[in-house]
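Chemist: only geometry, no sequence info:
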């Protein structure tokens, strides 16, 4: 009770702070919501892309796959990299259940029945783009079913168990 | 038997730290000072004990004892000694030991201060520090022991274990795997330790905050006691972040410095809440407001520090820094949850005691602007947190993993950062308690005119990017106001005492280090903002394959390919190094040497750019590819990064400002305690059960 007698004369003047605060918080929330909508990228596996190709054509998506080393083509004149990736599970638990990331990547590459997609990436050849690397790519699926990557992240779990390096190549 | 020694002292440290917790609890409950003193000495002992562990690891690393799994994983014989030493924090278990070691160091350092007036806080500070330390030690001993070794069993099988299984023999691998090439950089010497120093030293303000909360002291004593700690923690974290950016810029070879990667975010989040805390404690000191809020901020900062360590360890999010997945992830998660809930429970218990001692009346008062500052910092924190955990949240609720990339962060935090810069321009001119547009306008109009003039100049010179125009205008306002503040103070001193301007400036700063150190930090932020605006909004690039004698052009620069050589280096690298001559508007500017290092031990290449740095811009060239016969040409990617160096200069200025603000001045300490606090303290001491 003591509380209200002290603060009540000034309650009115506190309103503007509450109002101003709410205004700022609302603006921040609005910013987050609109930008999340605009910037959201679906994280899909190669299998999911194959399943839902029509629905997702032209949308921003993120996909991870095992790099097939033999398929890497590098046009050094125009800096265009083409390669294929094979399906790897997106779920960490599933990866663990199958013997860890290195094993999963290796199996994906040697399994001829695994779903694969073509990837085209314009940019500098990343140091880690090699056979059985995990590629995490951002971009769009074209009408032709090719994945046009605008960003390419790579992980090679076979070399390092402790500090797994990754390298980002933004373009 | 170094591994046994190191392991042994790890285990003893754990026992000692648990003893410290128990003894401090007993001492506090029964009000027996000797138990508290015993706990204090125990905490003091953890530092030399863990130092023994750290020395053991370092000797094993330097002596190439590859039979130890950790040494095998992070070093190889071709690595220079300094990198072998830094491999201490190059892998998971070593870096956890390093973390714990710093915790022991800071915990010990705190117990060494004079506790005469704050005896009631001491047991709780010991308990919070020791609990944190014990948690890390348990993680290390149970899950990430750096001393486990390779053994062959009599049956011929192999395994890793701490102690020799019956009849087994040690395996001595010929060479180790070697540190990840990305980490073989002088930055490795200093970036991780700085970040860890920042992380760990934020535990201390939290420990004091908790101590104040638990003992029911509602005054600002805990804030005054930890002001310097917080500032130094904040400085280390800032240095860590800036060095990390610089390293990425130097080594990762994509022309950038910050990628909103989860681990970068993890280090950035405690920085954000810590910065908000640094500001809002001033309101509690001056006006007795925001007591609850400051507690919330310090609890958040502690949780975010542990969360940051957790993110890098757990493998829940993919990242540049991702460590292997480990069993300690869930443990960290539980620890964060439990410590957070306990902290909040204490806060709720003391909620009424932490009532503000006054109210805010004026929207333009300093405290009101500080409140907005805090809202913006926390707003940015929420944005970063949201973006970081969004893949997890979306998967949980929709079964679909959805991520947000750098564009999300840039467009969401951009306006908030601009708001902060604007506040940095206005708040220093506003008065505590009460301010009006009239008084504020009187102080503000000169700097504001300068900024608007700059806006017009920028517009006329052809800049049309809204972000750049707004950003540079508000940044310049902050700079002008800060310089104007220095000028006003300096001139007043000069007029009053007749000191010459430089002496006046020196004495002005020396007499109120906290304030003017803060202003120097503000200036450093303006520098960094200019650098960030430069590279984010005006970066240009080109690429192409050129034969010797041919050139690429970008932003007035001409890059001419001269030749390329491949050779082996003694530390186990094959280097392909191009020689380029650089000219601008026909003027020769020397040569650049972008190169590609190939590490034999890890079979991994690494791209090192050639960079020409000036205050206005960087010319940043990457060697992308080359023909075996070098006369046929090589491919280069060239970036033009305007103003980027302001970011690094800003970093240096930030350190200088932090030193000014944190420099100890013994006389101040006494006058810092107003009578209001003294009364409460004595009251509290008497009523202590």
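Modeler: Looks like it came in fine. This one's a predicted model, so the numbers in the text were calculated from it and none came from an experiment. Numbering: from 1, shown residues only, chains lettered A, B, ... in the order given.
Chemist: Work out which residue lies at the spatial centre of chain B.
Modeler: Compute the mean C-alpha point of chain B, and by C-alpha atoms, centre = their mean the closest residue is residue B:237, 2.4 Å away.
Chemist: helices or strands up against the helix or strand containing that residue?
Modeler: Using DSSP states H and E, residue B:237 sits in helix B:221-247. The contact analysis (3 or more C-beta pairs under 8 Å, 6 or more residues apart in numbering or on different chains; DSSP states H and E) places helix B:221-247 against helix B:187-201, helix B:203-215, helix B:262-287, helix B:644-662. Backbone N, C-alpha and C define where each C-beta goes, glycine included.
Chemist: Does residue B:176 fall in a helix, a strand, or a coil region?
Modeler: Under DSSP: H, G, I helix; E, B strand; the rest coil, residue B:176 falls in the coil class.
Chemist: Just want the phi and psi numbers for it.
Modeler: Per-residue torsions, residue B:176: phi -90, psi 180 (degrees, to the nearest 10).
Chemist: now do residue A:87
Modeler: Phi and psi for residue A:87, reported as degrees, to the nearest 10, are phi -60, psi 130.
Chemist: Could you pull up the mean pLDDT of the helix holding residue B:237?
Modeler: Mean pLDDT, helix B:221-247: 91.
Chemist: and what of stretch B:463-476?
Modeler: Mean predicted confidence for stretch B:463-476 is 92.
Chemist: Contacts only, for the spatially most central residue of chain A.
Modeler: Central residue of chain A (C-alpha atoms, centre = their mean): residue A:62, 4.1 Å from the mean position. Contacts for residue A:62 were tallied using C-beta atoms under 8 Å, 6 or more residues apart in numbering or on different chains; they are A:41, A:42, A:43, A:44, A:136, A:137, A:138, B:403.
Chemist: re the thing from before, any idea how far chain A is from the residue nearest to the centre of chain B?
Modeler: Look at residue B:237 and chain A: by C-beta to the nearest C-beta, to the nearest Å, they are 21 Å apart.
Chemist: pretty sure that residue is touching residue B:200, no?
Modeler: No: using C-beta atoms under 8 Å, residue B:237 is not in contact with residue B:200, being 10.1 Å away.
Chemist: gap between residue B:579 and residue B:590?
Modeler: Distance, residue B:579 to residue B:590, using C-beta to C-beta, to the nearest Å: 11 Å.
Chemist: what about the strands in the stretch 501-650 of chain B?
Modeler: Assigned by DSSP state E, counting those that start in this stretch, the strands in the stretch 501-650 of chain B fall at B:540-546, B:551-554, B:557-569, B:573-584, B:587-592, B:595-599, B:604-608, B:610-613, B:617-626, B:634-642.
Chemist: lowest-confidence stretch among those?
Modeler: strand B:604-608 (a mean of 82).
Chemist: So what's the gap between it and the chain middle?
Modeler: 26 Å (C-alpha atoms, centre = their mean, to the nearest Å).
Chemist: what's the angle between it and strand B:595-599?
Modeler: Put simply, strand B:604-608 runs at 160 degrees to strand B:595-599, going by axes from the mean of the first three to the mean of the last three C-alpha atoms, to 10 degrees.
Chemist: Strand B:604-608 and chain A, are they touching?
Modeler: Yes: using C-beta under 8 Å from any C-beta of the partner chain, strand B:604-608 reaches chain A at B:604, B:605, B:606, B:607.
Chemist: Out of those residues, which is nearest to residue B:491?
Modeler: residue B:607 (52.0 Å; C-beta to C-beta).
Chemist: residues making contact with stretch B:248-260?
Modeler: A:124, A:127, A:167-170, B:182, B:185, B:187, B:245-246, B:264, B:320, B:384, B:387, B:405-406, B:409-410, B:535, B:539, B:541, B:606-609, B:611, B:620, B:622, B:637, B:639, B:641, B:644, B:647.
Chemist: Any idea how far apart the tips of it sit?
Modeler: 12 Å (C-alpha to C-alpha, to the nearest Å).
Chemist: about what we covered before: list buried members of the contacts of residue A:62 by neighbour count.
Modeler: Buried members of the contacts of residue A:62, counted by 16 or more other C-beta atoms under 10 Å in any protein chain shown: A:41, A:42, A:43, A:44, A:136, A:137, A:138, B:403.
Chemist: so how far is residue B:30 from residue B:532?
Modeler: According to C-beta to C-beta, residue B:532 stands 55 Å off from residue B:30.
Chemist: neighbour count winner among the two?
Modeler: Per other C-beta atoms under 10 Å in any protein chain shown, whichever of residue B:532 and residue B:30 has more neighbours is residue B:532, with 22 against 11.
Chemist: related to what we said a few turns ago, excluding covalently adjacent residues, which one is nearest to the residue nearest to the centre of chain B?
Modeler: residue B:198 (2.9 Å; C-beta to C-beta, 6 or more residues apart in numbering or on different chains).
Chemist: Likewise for residue B:20?
Modeler: residue B:42 (3.8 Å).
Chemist: which residues touch that neighbour?
Modeler: B:16, B:17, B:19, B:20, B:23, B:130.
Chemist: average pLDDT across the helix or strand harbouring it?
Modeler: Using DSSP H and E, residue B:42 sits in helix B:33-62. Computed over helix B:33-62, the mean pLDDT rounds to 95.
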